[in-house]
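[1] sequence and computational prediction follow.
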Amino acid sequence: EQAVQTGGSVRPAGAEGGGRYKVGKPYKIAGRWYTPRVEPGYDKVGIGSWYGDLFHGRYTANGEIFDMDALTAAHPTLPLPSYVRVTNLANRRSLVLRVNDRGPYAHDRIIDLSRASAHALGYGRAGTARVRVQYMGPAPLNGDDSLERRVYASQSWARHASLQKVEPASKKSETSNSVM
């Protein structure tokens with residue numbers, strides 16, 4: 001089987017995409033109910049966080065393979081897969097991300113980004129940031145990430161914020177391997 005280099009990861013050819021469209025039924029996590037639904041006007045401000053190593057290479061809620069070095073996110077209720085625009089309100093960096101997983105489930109968080117996404121938005125080391133999340137519509141099932149990459153490449157700050165593997169501030173070792 002062929003392998004494909006994506007970001008800083010090697011995974012089987014064809015592993016990107018491959019999920020299914022999913023809205024889902026209401027579900028309960030840690031005593032709180034979540035009701036997935038299509039929300040064309042979704043536009044919220046709250047705390048964003050990120051996830052990486054622990055879930056890298058595992059299946060997402062819609063059956064895709066999670067790649068912590070891709071421009072993706074997890075949301076508790078939006079349709080999967082879909083596009084959102086996420087803006088870090090502290091530095092005004094903004095990206096379009098593919099939502100392909102469920103989460104976060106911490107009480108004060110509205111979105112969980114992949115490691116690469118959080119780093120690009122400038123909060124990889126801090127772990128969390130105040131963000132604005134805007135629903136843009138459904139994303140293709142084939143995993144095509146050309147929209148996300150075009151938006152990233154068009155940002156004036158992107159040339160100074162290369163997507164790198166970044167350890168949280170709480171970890172002592174840092175790496176600087178280029179991801180894109």
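    Okay, I see it.
[2] centroid-nearest residue for this protein?
    residue 73 (2.1 Å; CA atoms, centre = their mean).
[3] can you tell me the SS state at that one?
    strand (DSSP: H, G, I helix; E, B strand; the rest coil).
[4] same deal with residue 44?
    strand.
[5] ok, it - contacts?
    Counting by CB atoms under 8 Å, 6 or more residues apart in numbering, residue 44 touches 110, 132, 133. Glycine gets a C-beta too; all of them are placed from N, C-alpha and C.
[6] again, only this time at 10 Å
    110, 111, 131, 132, 133, 134, 135 (CB atoms under 10 Å, 6 or more residues apart in numbering).
[7] same question, residue 92
    Contacts of residue 92 by CB under 10 Å, 6+ apart are 121, 122, 132, 157.
[8] where in the chain is pLDDT low?
    Where the chain drops to pLDDT under 70, the residues are 1-17, 159-180.
[9] where along it do the helices fall?
    Under the criterion DSSP state H, helices of the chain are mapped to 115-120, 146-154.
[10] returning to what we had before: run through the bridge partners of the residue nearest to the centre of the chain.
    Under DSSP bridges, the beta-bridge partners of residue 73 are residue 99, residue 113.
[11] hey, C-alpha coordinates of the single longest strand found in the chain in CSV?
    Longest strand of the chain, by residue count under DSSP state E: strand 128-138. Extracted C-alpha coordinates of strand 128-138, given in CSV (Å, rounded to 0.1, in the frame of the first residue of the first chain):
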residue,chain,number,x,y,z
THR,A,128,-6.6,28.1,24.5
ALA,A,129,-7.7,31.4,23.1
ARG,A,130,-10.8,33.5,22.8
VAL,A,131,-12.2,32.8,19.3
ARG,A,132,-15.1,33.5,17.0
VAL,A,133,-16.5,30.6,15.1
GLN,A,134,-18.7,31.1,12.1
TYR,A,135,-20.4,28.2,10.2
MET,A,136,-19.8,28.4,6.4
GLY,A,137,-21.6,25.3,5.1
PRO,A,138,-20.9,21.7,4.2
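[12] what's the closest of the helices of the chain to residue 26?
    Closest of the helices of the chain to residue 26 is helix 115-120, at 27.0 Å (criterion: CB to CB).
[13] which neighbouring elements make contact with the closest one?
    Applying 3 or more CB pairs under 10 Å, 6 or more residues apart in numbering; DSSP states H and E, we find helix 115-120 packed against strand 43-51, strand 72-74, strand 82-88, strand 94-101, strand 109-114, strand 128-138, helix 146-154.
[14] of the contacts of residue 92 - the most surrounded one?
    Using other CB atoms under 10 Å as the neighbour test, the contacts of residue 92 are led by residue 121, with 25 neighbours.
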